[in-house]
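Student: Kindly generate the corresponding structure for this input.
(2 chains)
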Amino acid sequence: MSDNNNIIVAKDLTKIYNETTTAVDHLNLNIKEGEIFGLLGPNGAGKSTVILMLLGLTEPTSGNIGVDGFDSTREPLKVKSITGYLPEKIGFYEDMSAYANLKYTAELNNVPYREIPERIDEVLDLVNLSDRKKGLVKTFSKGMKQRLGIADVLVKNPRLVIFDEPTEGLDPKVANQILQTILDLNKKKNITFMLSSHQLNLVQKICPRVGIMSRGKLVGSGSIDQMGRDIFGGGKFRIEIELAKVPDKLVGDIRKMDKVLNVAVDQNKLTVTCDKDLREEISKVIAKEGIIMTGMDIKRDALEEIYLRYFKEEE
Amino acid sequence: MRSVLTVFRKELTDHFSSKKFLILLALIYIAGLASTYVALQNISDVASALDKHVFLRLYTTGGDVLPSFISFITFFIPIIGIIFGFDAINSERNSGNLSRLMSQPIYRDSVINGKFLAGVTTLSIIVASIAFIIAGVGLTSIGVPPTSEEILRIFFFIFICVFYGGFWMGLSLLFSVIMDKIAASILTAIAIWIFFMFFLPIIANAIANAVAPLEGATSAVQIQNYTINQGILRISPSTLFTETIAILLIPTGGHFMLQPVFESDIANMIANPLSLGQSLIQVWPQLVIIIALAIICFALSYILFMRQEIRST
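Tutor: The predicted structure is shown next:
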């Protein structure tokens, strides 16, 4: 067991391709055992490279990363025996049955022969594929393959599962099923999950803590709530109001209202940061002043803002 | 080590249950048996009463209709090698299996070693089984049992076939490592095979005739022509293979193909077979090159595969 129950520890992890392209830039990351951590970032931010280095599939240029105290570069086999990895484009041997595919994985993981059938039945049951045990993988839908992928990583009894784009290309219903399965497994088996994604809205549903990567750096980490607060200047809501004119008195009145944290003025636009939905109260004040209001908008959660701040600048 | 065996067993199962294996096996059995039939028809004409190696003639005798078994096998072995190697790595990569495989606690070389071993084993089984079937058919038909030397020669023949097939397998494996598209890797491998098989003889002939024209040539020029021709042809592993198996399986006179000999001289020679040891000395350079080529191709694919980055996308 490593320090402070951290299952993943990355220190100054750097990967430079062809001596010019920096894919990962001095990344520091700690993930606790039992956590569901979301590694977010736009395509090309370096998420996949971090995962590759974590699994020992590519060597860091400098710095190090390890799982459960084992260095990924020097002891990749030990890392991979406790780490399950679901790649973004998961593939199976299409002409083999679900059972045969899982059996191969189990054999590669040195699961004792006698335990294999039992183990496979157990994991197929966990992902609700028991009835398709003998079915050829080529007859499976994308969602079923994704579930089979989860079964595939569970065969080795992992302590950590890395899931690259868990919901990519799935319809919302199936995506939610997958997320629910992740939550269940985390609770029942205390498996640590690291989800890598660019779909903020889906991942934030189940990740209490996220890290945001951009251009190889970890630009923010913490709970989405906290990050939103940071962006909103402390409040939970942000109300944007467009007015015909903005007299100073009005600004002062609003500022004095309960739960209002900050008011910013930009020409005819008022931005009110607050801890409560104050739209009604604010409109009343504005109406009393006799000012024509041309628009009002409320931002409840910080997601979009986070997205804009960290992701869009990439494009 | 256990993981190599796991990969090996899975790949072997895949090969044996694959359609390409069944088709190849059927093709080679048909070709082998048909050539044996032709050999049996003609064997009494070519074998003299004093012939010490009648049994080997089963493999080397052809007819007007069909060539001999060794001509067939020269043709088929590269095909078997290519077919069991061309998609070894890139199909795994394209299907997304490779990154899944690589995230298991196995060394990376287990995958390529297991695959290559499975391919070579399949090849060995195909070649050995048809060689033994011909031996069995021949034994019952001609009633002459093979001498121990002949049996050894047949084993050497199978051994060389495996390495020659291993070379083609290694080559196509190399392309499957380098090239992402399966179509590209198979076409490249086949293009090289076709070049060696069909174009190189034409080129060699053209160059030899340009340098030393045969028309009204003296013996010296004829020999020069032959030497140039043969020298160029020996770039091709298939020439080396043809020479090797001809010398091994035709103890009487097979080695004449190594150096220019006039037919008038052959006619005056006493049919005196080489011993196995002498035959092996004759083919030693060819044999070493074939084995070396197989090892080089595999080693190259191995190194490139080990250095490749496995991305899922």
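
Student: Give me the helix or strand of the chain that scores worst on average pLDDT.
Tutor: If you meant another chain, say so; for now it's chain A. Least confident element among the helices and strands of chain A, by mean pLDDT, DSSP states H and E: helix A:303-306 (a mean of 68).

Student: looking at chain B here, not the other one
Tutor: helix B:263-268 (a mean of 74).

Student: Would you mind listing what in chain B touches chain A?
Tutor: Residues of chain B lying close to chain A by C-beta under 8 Å from any C-beta of the partner chain are B:2-3, B:6-7, B:10, B:14, B:95-107, B:309-313. No exception for glycine: its C-beta is placed from N, CA and C like everyone else's.

Student: What pLDDT is listed against A:Leu270?
Tutor: A:Leu270 carries a pLDDT value of 84.

Student: which ones are touching it?
Tutor: Counting by C-beta atoms under 8 Å, 6 or more residues apart in numbering or on different chains, A:Leu270 touches A:240-243, A:246, A:251, A:254, A:263-264.

Student: The residue of chain A found nearest chain B in helix, strand or coil?
Tutor: Nearest to chain B in chain A, going by C-beta to the nearest C-beta, is A:Gly91, at a distance of 2.5 Å. On the three-state scheme (DSSP: H, G, I helix; E, B strand; the rest coil), A:Gly91 is labelled coil.

Student: Near residue 28, how many residues? Count them for me, please.
Tutor: Going with chain A. 14 (other C-beta atoms under 10 Å in any protein chain shown).

Student: actually it's chain B I care about, not the one you picked
Tutor: Neighbours of B:Ile28 (other C-beta under 10 Å): 22.

Student: so where's the chain shaky on pLDDT?
Tutor: No chain specified, so I'll use chain A. Along chain A, segments meeting pLDDT under 70 span A:1-4, A:231-235, A:300-304, A:307, A:310-315.

Student: could you do chain B instead?
Tutor: Checking chain B against pLDDT under 70 turns up B:48-50, B:311-313.

Student: For it, just list every one of the helices.
Tutor: B:2-17, B:19-46, B:57-60, B:69-83, B:90-95, B:97-102, B:108-142, B:148-178, B:182-194, B:200-211, B:219-233, B:237-249, B:263-268, B:276-307 (DSSP state H).

Student: do the same with the stretch 101-250 of chain A
Tutor: A:116-126, A:142-154, A:172-189, A:200-203, A:224-232, A:248-256 (DSSP state H, counting those that start in this stretch).

Student: So which residues lie in contact with stretch B:141-159, not counting its own?
Tutor: For stretch B:141-159, using C-beta under 8 Å, 6+ apart, the contacting residues are B:40, B:43, B:52-56, B:58-59, B:124, B:127-128, B:131, B:135, B:139, B:245, B:248-249, B:251, B:275-276, B:279-280.

Student: redo that, cut-off 6 Å
Tutor: Residues outside stretch B:141-159 that contact it (C-beta atoms under 6 Å, 6 or more residues apart in numbering or on different chains): B:40, B:54-56, B:127-128, B:131, B:245, B:248-249, B:276.

Student: Show me which residues of that stretch are buried.
Tutor: Across stretch B:141-159, burial judged by 16 or more other C-beta atoms under 10 Å in any protein chain shown covers B:142, B:144, B:146, B:149-150, B:153-154, B:156-159.

Student: so which of the helices of the stretch 101-250 of chain A comes closest to B:Ile23?
Tutor: Nearest to B:Ile23 among the helices of the stretch 101-250 of chain A is helix A:142-154; the distance by C-beta to C-beta comes to 29.7 Å.

Student: what about the closest one and chain B, touching?
Tutor: No - using C-beta under 6 Å from any C-beta of the partner chain, helix A:142-154 stays clear of chain B, coming no nearer than 6.9 Å.

Student: could you say what helices and strands that helix packs with?
Tutor: Under the contact definition 3 or more C-beta pairs under 6 Å, 6 or more residues apart in numbering or on different chains; DSSP states H and E, helix A:142-154 sits against strand A:83-86, helix A:116-126.

Student: among those, which is the most enclosed?
Tutor: strand A:83-86 (a mean of 26; mean count of other C-beta atoms under 10 Å in any protein chain shown).

Student: Tell me how far that one lies from the chain's centre.
Tutor: 15 Å (C-alpha atoms, centre = their mean, to the nearest Å).

Student: Each with direction, which strands does it pair with?
Tutor: strand A:160-164 (parallel) (DSSP bridges).

Student: Could you check the angle the strand it pairs with makes with helix A:172-189?
Tutor: 170 degrees (axes from the mean of the first three to the mean of the last three C-alpha atoms, to 10 degrees).

Student: Mind listing residues that contact strand A:160-164?
Tutor: A:7, A:51, A:83-88, A:153, A:191-196.

Student: what's the burial count for the spatially closest residue to A:Thr167 that is not a sequence neighbour?
Tutor: Take A:Thr167 and drop its neighbours on the chain: the residue closest to it by C-beta to C-beta, 6 or more residues apart in numbering or on different chains is A:Ala175, 3.8 Å away. As a burial measure, A:Ala175 scores 19 neighbours (other C-beta under 10 Å).
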